[in-house]
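Enquirer: Based on what follows, work out the 3D shape:
(chains A and B)
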Amino acid sequence: MIDAVSRFASQIWGIVAAEVQKLRHDPVELFTRSVQPALWLILFGEVMAGVRGVAPTNMRYLDYLSAGILAQSALFVAIFYGIATIWEHDLGILQRYLVSPVPRIVLVLGKAVSAGIRALSQAVIIYVLALALGADISLAPQHVVGVAGTLMIGSALFALLSLIIASLVKTRERFMGIGQMITMPIFFASNAIYPLSIMPAWMRIVSRFNPLTYQVDALRALMLVDGVSDFGLLFDFALLAGAAAAMAFVAARMYPRMGY
Amino acid sequence: MEPSLNEAHAPPAVEVIGLTRCFGPLRAVDAVSFSIAPAEIFGLIGPNGAGKSTLIKMLTTLLPPTSGTALIAGYDLRTQAAQVRAHIGYVPQLASADGALTGFENMLLSARLYDIPRSERQHRITGALARMGLADSANVLVNHYSGGMVRRLEIAQNLLHRPQVLFLDEPTVGLDPAARDAVWRHVLDLRERYQRTMIVSSHHLEEIEEFCTRVALIDQGRIACIGTPAELKAGLGPGATLDDVFIRLVSQQGRRPASPAPEQRP
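Expert: The predicted model follows:
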């Protein structure tokens, strides 16, 4: 049992290490990908800061937005994993994973953890940016660790969702359309850039079924000085972990279909 | 090149039993049965869309069969997929080495996926790279490798776990004659030294004729003929080549309409 767990951990690490090595060979990608969150913080943040009633009364909009943009950048990284997998299939790299004796659940978890590592490297850039803009961000170790954990689970969850979609649609062209089609509602029907309280009732209901809402809630509580959670951190984590586990279960069954 | 006597009675390395795969109404592989002895270099030839790639995908566990099965190194494809995977290597037609990683990093990834003990990794990786003539390029990104080097790296990746059966799907496609020769020299060397069984598909029939112990010609999802290159050519007169066998058998049976691309996606 312990033997199997350590073997799986080593196999997951093998997949993640390859991802880290790729980032090291070409770090430019990390910076180009951080342009969009920077634009959101600077452009959108500056304009919306002047609109009354968007952020909760006791909070500056920049602080409010920072956690949302952190979640957004992790979401965009994760959703990209499906198309990266289709790309790997077209190159032939995917077949290499599938003919290996690694259990399929371990293969998809390797991809999920890789997405988390990428999200963390983006998070560092967003932290620096938000601090430079003067956001009230907590650097207490327990808060930073909490943010990292939340990002890992959230990224894993959406990367696995993306893998499931990729194994259904199988071509890059189709994925592009569907990827954008689902990223928009996940982002806008959540509390990432405005609170649920200003949404129409139907949209508030939709956003309560959206895992990103709970990820943002946990991030906002942990990232900001005096941050508070609306749903309770324990509830947020339980829901995210449960959803990620369900996604992993489905993805492990769907992923081998990409090799057909 | 015949298997030696003590191998002749060994259990087959690969035993295919009524293996079938349908894509809708199309029977891409149609109740195929054959067996391959240990240490054979077995050639798979046939026209495009004949079912070669579908057959290899099934034998490497990438594609579940519609019916039938195969025993690979004694393990059943349908019920023991994980054991089959642990005992085979697969060099796909497409480049499976990751271009964004160095040769060494690619090898390390394979070593971790195949659970090579940490204490042996370095030793096995440097050994396999040296054997494939890649020792000097270990730390170069694979994107900068030539086609022949990528192929040799992929073979090296597949040697780390010492598979009993190695599948090579068109390993020399797109390579210049010198690179093709290098790949084949390494394949022959593997057989000599480690008695590995190899299954090679190719459209270069002169290579198949020269290097394979036995050959199966696949056409319309079935085995049109199977035997040693000499057996296949017998009856076609002196000076006949596998090309002649191919042209005669494939044209005689009449071509079916182009299949809806079961081998490659649109």
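Enquirer: What residues does the stretch 1-150 of chain B have near chain A?
Expert: Contact residues, the stretch 1-150 of chain B versus chain A (C-beta under 8 Å from any C-beta of the partner chain): B:57, B:60-63, B:82-83, B:85-86, B:88, B:90, B:92-102, B:105, B:108-115, B:141. To be clear about C-beta, it is placed using only N, CA and C from the backbone, and glycine gets the same treatment.
Enquirer: Show me how to select, in PyMOL, the buried members of the residues you listed.
Expert: To isolate the buried ones among those in PyMOL, judged by 16 or more other C-beta atoms under 10 Å in any protein chain shown, type:
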select buried, chain B and resi 57+60+61+62+63+83+85+86+88+90+92+93+94+95+96+97+98+100+101+102+105+108+109+110+111+112+113+114+115+141
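Enquirer: What residues sit buried inside the helix or strand of chain A with the lowest mean pLDDT?
Expert: When each helix and strand of chain A is scored by mean pLDDT, DSSP states H and E, helix A:28-33 comes last, with a mean of 84. Across helix A:28-33, burial judged by 16+ other C-beta under 10 Å covers residue A:33.
Enquirer: any residue of it up close to chain B?
Expert: No - with C-beta under 8 Å from any C-beta as the criterion, chain B is not reached by helix A:28-33; the gap is at least 10.2 Å.
Enquirer: List of residues touching that helix?
Expert: The set of residues that contact helix A:28-33 without belonging to it, under C-beta atoms under 8 Å, 6 or more residues apart in numbering or on different chains, is A:23, A:73, A:76, A:77, A:121, A:122, A:125.
Enquirer: what's the helix or strand for residue B:27?
Expert: Taking DSSP states H and E as the criterion, residue B:27 maps to strand B:26-36.
Enquirer: phi, psi of the closest residue to residue B:44 other than its chain neighbours?
Expert: On the basis of C-beta to C-beta, 6 or more residues apart in numbering or on different chains, the spatially nearest residue to residue B:44 that is not a chain neighbour turns out to be residue B:201, at 4.1 Å. For residue B:201, the backbone dihedrals are phi -100, psi 150 (criterion: degrees, to the nearest 10).
Enquirer: circling back: helices and strands around the very next helix or strand once past the strand holding residue B:27, which ones?
Expert: As assigned by DSSP H and E, the chain's next helix or strand after strand B:26-36 is strand B:41-45. Strand B:41-45 is packed against helix B:52-59, helix B:177-194, strand B:197-201, helix B:205-211, strand B:214-219, with contacts defined by 3 or more C-beta pairs under 8 Å, 6 or more residues apart in numbering or on different chains; DSSP states H and E.
Enquirer: which stretch in those is the model least sure about?
Expert: Mean pLDDT is lowest for helix B:177-194 out of the helices and strands packed on strand B:41-45, coming in at a mean of 90.
Enquirer: could you list every residue that touches the one residue in the stretch 101-250 of chain A that gets nearest to chain B?
Expert: Distances from the stretch 101-250 of chain A to chain B, computed as C-beta to the nearest C-beta, single out residue A:101 as the nearest residue at 4.1 Å. Residue A:101 makes contacts with B:82, B:83, B:85, B:86, B:113, B:114, B:115, as judged by C-beta under 8 Å, 6+ apart.
Enquirer: And the furthest pair within those residues?
Expert: Based on C-beta to C-beta, the longest span within these runs between B:83 and B:113 and measures 15.4 Å.
Enquirer: Strands of the stretch 1-150 of chain B, residue ranges please.
Expert: When secondary structure is read from DSSP state E, counting those that start in this stretch, the stretch 1-150 of chain B shows strands at B:14-23, B:26-36, B:41-45, B:67-72, B:75-76, B:88-91.
Enquirer: So what are the sheet partners of the fourth one and their directions?
Expert: Put plainly, it is strand B:67-72. If you go by DSSP bridges, strand B:67-72 pairs up with strand B:14-23 (antiparallel), strand B:75-76 (antiparallel).
Enquirer: still on that earlier bit, so the strand holding residue B:27 versus strand B:197-201, what angle?
Expert: Strand B:26-36 runs at 150 degrees relative to strand B:197-201, counting by axes from the mean of the first three to the mean of the last three C-alpha atoms, to 10 degrees.
Enquirer: tell me how far stretch B:210-222 is from the chain's mean position?
Expert: A distance of 12 Å separates the C-alpha centroid of stretch B:210-222 from that of its chain, computed with C-alpha atoms, centre = their mean, to the nearest Å.
Enquirer: Next: stretch A:51-61.
Expert: Shown here is stretch A:51-61, whose average C-alpha point lies 25 Å from the average C-alpha point of the whole chain (C-alpha atoms, centre = their mean).
Enquirer: next one: stretch A:131-149
Expert: 17 Å.
Enquirer: just stretch B:159-171 next, same as before
Expert: 7 Å.
Enquirer: Residue B:168 in helix, strand or coil?
Expert: In terms of secondary structure, residue B:168 is strand; the call rests on DSSP: H, G, I helix; E, B strand; the rest coil.
Enquirer: How about the contacts made by the residue in the stretch 51-200 of chain A positioned nearest to chain B?
Expert: Ranked by C-beta to the nearest C-beta, the top residue of the stretch 51-200 of chain A for proximity to chain B is residue A:92, at 2.7 Å. With C-beta under 8 Å, 6+ apart as the criterion, the residues that contact residue A:92 are B:92, B:93, B:94, B:95, B:96.
Enquirer: Just give me the closest of those to chain A.
Expert: If you rank the contacts of residue A:92 by distance to chain A using C-beta to the nearest C-beta, residue B:94 comes first, at 2.7 Å.
Enquirer: What separation do you get for residue A:128 and residue A:139?
Expert: Residue A:128 sits 11 Å away from residue A:139, going by C-beta to C-beta, to the nearest Å.
Enquirer: re the thing from before, run a quick check on the residue nearest to residue B:44 versus residue B:43, I expect a contact.
Expert: Yes - counting by C-beta atoms under 8 Å, residue B:201 touches residue B:43, with 7.5 Å between them.
Enquirer: Which residues are in contact with each of the two?
Expert: Joint contacts of residue B:201 and residue B:43 (C-beta under 8 Å, 6+ apart) do not exist.
Enquirer: what about the residue of the stretch 151-260 of chain A found nearest chain B, how many neighbours?
Expert: Using C-beta to the nearest C-beta, residue A:259 is the residue of the stretch 151-260 of chain A that sits closest to chain B, at 4.1 Å. By the measure other C-beta atoms under 10 Å in any protein chain shown, the count of residues near residue A:259 is 18.
Enquirer: Also residue A:53?
Expert: Using other C-beta under 10 Å, residue A:53 has 10 other residues around it.
Enquirer: what's the closest non-adjacent residue to it?
Expert: What sits nearest to residue A:53 in space, not counting adjacent residues and going by C-beta to C-beta, 6+ apart, is residue A:198, at 7.1 Å.
Enquirer: Repeat that for residue A:187.
Expert: Residue nearest to residue A:187 in three dimensions, not counting chain neighbours: residue A:72, with 6.0 Å by C-beta to C-beta, 6+ apart.
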